[in-house]
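Chemist: Sequence unavailable; structure follows:
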């Protein structure tokens, strides 16, 4: 028998942090500042990689893509969160909810695959240093960079479609500050078994598989580094991986805490802020403070902006 979708819900009500009435304005200010700093920090990294010749290498090419993904992820969720924190109207349209759901999951899963790809780049650089430049040419880098985007946008398509096909005929209160798969599936009037299974399969494909790939590649990297005789060589090899390792630990650590912790508490939404706001906020600082080349490029750009007014005055005086 043909299934007829009986959806009568035109919009969803995002409950967000409505249970914490007295902290709404404080939370708005904190999230707004974090959003501004996050955008500024990640845009700075993109600008440095684009303009500084010393950063024109495969490693920074992938870092640049990663920072762009961070900008897109926070821009999918945070503006709506800021809106519901200060406005009485806390609704999102039915179509808008599913667009946000798909975009957030697609970008997040793209990041997971990109993290694994970045480790693969470091694996080639450390294990095959003489052939690395020949292997990682610009054409091959572009092909590799397209792979996470393809997987990231294909895998969440099916759980999103299966969720869209559910019947939503009753409550429309999403107990979250953005539309995610599980909170919306909980509102369905029909059996969400297929959409739940599709969601679980997508989670395994997009998080567990890249995680094991990262662990396996790092084991081989550490094994190779330990065979390097010079202490300086070991430190240099480890330093190229340290920032990425911290970012990977932050990304997977926050996700594991959120998904393993028992559900049901309103404080779970504060934990969700770790991977929607905190991790993208910290990433540019990790890449800056843990990387000598990025720090040197940042100093160079800072000096340029500081000296710009003096250069302008000097040119005017000559005239």
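Modeler: Right, received. Where do you want to start? Note that the structure is predicted; figures quoted are calculated from it, not measured. Residues are numbered from 1 along each chain as shown.
Chemist: Where does pLDDT dip in the stretch 1-150 of the chain?
Modeler: Residues of the stretch 1-150 of the chain that meet the criterion pLDDT under 70 lie in 1-7.
Chemist: can you map out the strands along it?
Modeler: With DSSP state E, counting those that start in this stretch applied, the stretch 1-150 of the chain shows strands at 11-14, 91-93, listed in chain order.
Chemist: For the stretch 151-300 of the chain, give me the ranges with low pLDDT.
Modeler: In the predicted model, the stretch 151-300 of the chain carries pLDDT under 70 at residues 255-267.
Chemist: about what we covered before: format the strands of the stretch 1-150 of the chain as a markdown table; extra columns: distance to residue 78 and mean neighbour count.
Modeler: Where you see a C-beta, it was placed from the backbone N, CA and C, and this is true even at glycine. Shown next, in a markdown table, are the strands of the stretch 1-150 of the chain (distance: least, C-beta to C-beta, whole Å; neighbours: other C-beta atoms under 10 Å):
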| stretch | distance to residue 78 | mean neighbour count |
| --- | --- | --- |
| strand 11-14 | 13 | 20 |
| strand 91-93 | 14 | 17 |
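Chemist: Adding distance to residue 117, write those out as a markdown table.
Modeler: As requested, these are exported to a markdown table (distance: least, C-beta to C-beta, whole Å):
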| stretch | distance to residue 117 |
| --- | --- |
| strand 11-14 | 33 |
| strand 91-93 | 33 |
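Chemist: Figure out which of these is closest to residue 194.
Modeler: Checking the strands of the stretch 1-150 of the chain against residue 194 by C-beta to C-beta gives strand 11-14 as the closest, at 20.8 Å.
Chemist: Helices of the stretch 1-150 of the chain, residue ranges please.
Modeler: Using DSSP state H, counting those that start in this stretch, the helices of the stretch 1-150 of the chain run over 24-51, 58-86, 94-127, 132-135, 138-154.
Chemist: Could you point out which of those helices sits nearest residue 302?
Modeler: helix 24-51 (10.1 Å).
Chemist: buried sites along the closest one?
Modeler: Applying a neighbour-count criterion of 16 or more other C-beta atoms under 10 Å, one finds 27-28, 31-32, 34-35, 38-39, 41-42, 44-46, 48-49 buried in helix 24-51.
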